[in-house]
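Participant: Quick one, structure for this:
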Amino acid sequence: MRHTTSMKLAELLSPKRVIANMKAAEHWPAIEELVDHLIKCDDLSSAKRTPVLEAFRDREDQCSTGIGAGIAIPHAFLDDIDDVIAVFGRSNEGIDFCALDNAPVHYVVLFIVPRSQYTLHLKTLAAIAKKLNNGDVRKQLAAARGAHDIIRVLAEPAPARV
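Facilitator: Reported below is the predicted structural model:
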């Protein structure tokens with residue numbers, strides 16, 4: 001991954017790091033589903049499951065990462081990783097994520113950042129928020145047929161606002 005100021009969300013993901021139809025209906029089970037998916041894909045060691053979930057629990061206890069408009073961006077720091085690890089989940093039914101606007105969450109981008117890389121953490125958050133705060137992008141994500149379509153939508157330049 002490039003460490004530039006113009007990081008793109010699609011650079012953090014691949015089709016295997018997408019759950020096109022999440023099963024979880026609530027906040028914490030959704031985080032567990034996404035972390036377990038990273039383990040299943042061999043993108044995260046199963047030995048890291050407990051410390052990763054503890055890091056997410058600590059972060060979520062401060063304030064929900066459900067930012068509104070159907071979006072949640074759970075994130076945490078972890079020692080012993082070299083780069084950002086991310087996974088995208090889409091829920092057609094919606095997840096009760098205790099979001100700031102109390103609306104159900106349909107798009108979750110969970111990511112883990114090396115503890116020493118705070119600037120990378122901020123760039124990653126900014127890239128995700130920039131992409132998903134566009135209503136046209138969210139409509140395209142809702143219509144996407146699967147993981148490959150979701151990655152294609154995330155890789156395209158955002159539609160121009162009128």
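
Participant: Provide the secondary structure category for R90.
Facilitator: strand (DSSP: H, G, I helix; E, B strand; the rest coil).

Participant: Following element in sequence after the helix or strand of the chain at the bottom of the mean pLDDT ranking, please.
Facilitator: Here the helix or strand of the chain ranked lowest by mean pLDDT, DSSP states H and E is helix 118-132, holding a mean of 88. Sequence-wise, the next helix or strand downstream of helix 118-132 (DSSP states H and E) is helix 135-143.

Participant: For that following helix, which helices and strands make contact with it?
Facilitator: When contacts are defined as 3 or more Cβ pairs under 8 Å, 6 or more residues apart in numbering; DSSP states H and E, helix 135-143 packs onto strand 85-95, strand 105-114, helix 147-155. Glycine gets a C-beta too; all of them are placed from N, C-alpha and C.

Participant: Determine which stretch of these is the most buried.
Facilitator: Greatest average neighbour count among the helices and strands packed on helix 135-143 goes to strand 105-114 (a mean of 24), per mean count of other Cβ atoms under 10 Å.

Participant: quick one, it and helix 147-155 angle?
Facilitator: 80 degrees (axes from the mean of the first three to the mean of the last three Cα atoms, to 10 degrees).
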